[in-house]
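*Asks:* Next input, structure requested:
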Amino acid sequence: MHTIVRFFQMGGFFMFPILLVLSAGIAISVERWIHLGRVKKENTHMWDEVHPVLAEGDFDKAREMVNQDNSAIAQMLSMGLARQGAVRRREDIEIAMEESLMEIIPQLEKRTPYLALLSNIATLFGLLGTIMGLISAFTAVASASPAEKAALLAASISEAMNCTAFGLMSAIPLLLIHARLNSTTGQIVGSLEMVSVKALNSISTFSKRAY
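*Replies:* Numbers count the residues shown, from 1 in each chain. Here you go, the predicted structure:
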């Protein structure tokens, strides 16, 4: 713990903005991770319940089920099943579900792009802190005696590099989390598209039988 505190103190003023950026990134990461995990769980649960009902062609019951649920899949299917009760054309039902999907995707991607931005900001703060530290170091060396210059310059550069190190230590995890959240979001969107196609196929099958 003493080593960490010492490392932070040696980095100078710009260690604090980097720490603030890292804290914001961690807060966003935790919130998004929990939210996307909950969305996946809710979607899986809803689809396991409504899929057999759709396969049986009981669209009235399916419509009632999705209207009582708040999951992303339920929102999308409710739009499609509402059209199914009013029209018979597959294209109209498909458009309704695509429209709902366009509303759902921004909610899934919400705040995730900020992680990449915060990662870049942390890196830039680290570089800025190092540059400012080097400027101070060379200014101090200019007025030092020849015997002290080498030792003073080495110590000052070592301190200045701490800022860059901390910036990179903050940026790399944020980038990795950003990639993981993007992957999870892509999986959820892919599952919604798959559900949309399966629901459309069920509706089309029973609509043809009705005729």
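*Asks:* Does the closest residue to residue 136 other than its chain neighbours lie in a helix or a strand, and which?
*Replies:* If the residues on either side of it in the chain are set aside, residue 136 comes closest to residue 156, at 7.0 Å by CB to CB, 6 or more residues apart in numbering. Quick note: C-beta positions are derived from backbone N, CA and C, even for glycine. Taking DSSP states H and E as the criterion, residue 156 maps to helix 146-210.
*Asks:* helices or strands up against that helix?
*Replies:* Contacting helix 146-210 under the criterion 3 or more CB pairs under 8 Å, 6 or more residues apart in numbering; DSSP states H and E are the following elements: helix 2-10, helix 15-56, helix 72-84, helix 90-109, helix 113-142.
*Asks:* Turn those helices into JSON lines, including mean pLDDT.
*Replies:* Listed next are these as JSON lines, based on pLDDT from 0 to 100:
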{"stretch": "helix 2-10", "mean pLDDT": "68"}
{"stretch": "helix 15-56", "mean pLDDT": "93"}
{"stretch": "helix 72-84", "mean pLDDT": "87"}
{"stretch": "helix 90-109", "mean pLDDT": "88"}
{"stretch": "helix 113-142", "mean pLDDT": "86"}
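*Asks:* Pick the most buried one from those helices.
*Replies:* Each of the helices and strands packed on helix 146-210 was given a mean neighbour count from mean count of other CB atoms under 10 Å, and the largest, a mean of 23, is that of helix 72-84.
*Asks:* Could I get the buried residue list for stretch 61-70?
*Replies:* Of the residues in stretch 61-70, 62, 63, 65, 66, 69 count as buried by neighbour count, 16 or more other CB atoms under 10 Å.
*Asks:* what residues are up against the closest residue to residue 203 other than its chain neighbours?
*Replies:* Taking CB to CB, 6+ apart as the measure, residue 203 lies nearest to residue 84, with 5.3 Å between them; neighbours along the chain are not counted. The neighbours of residue 84, taking CB atoms under 8 Å, 6 or more residues apart in numbering as the test, are 59, 63, 93, 203.
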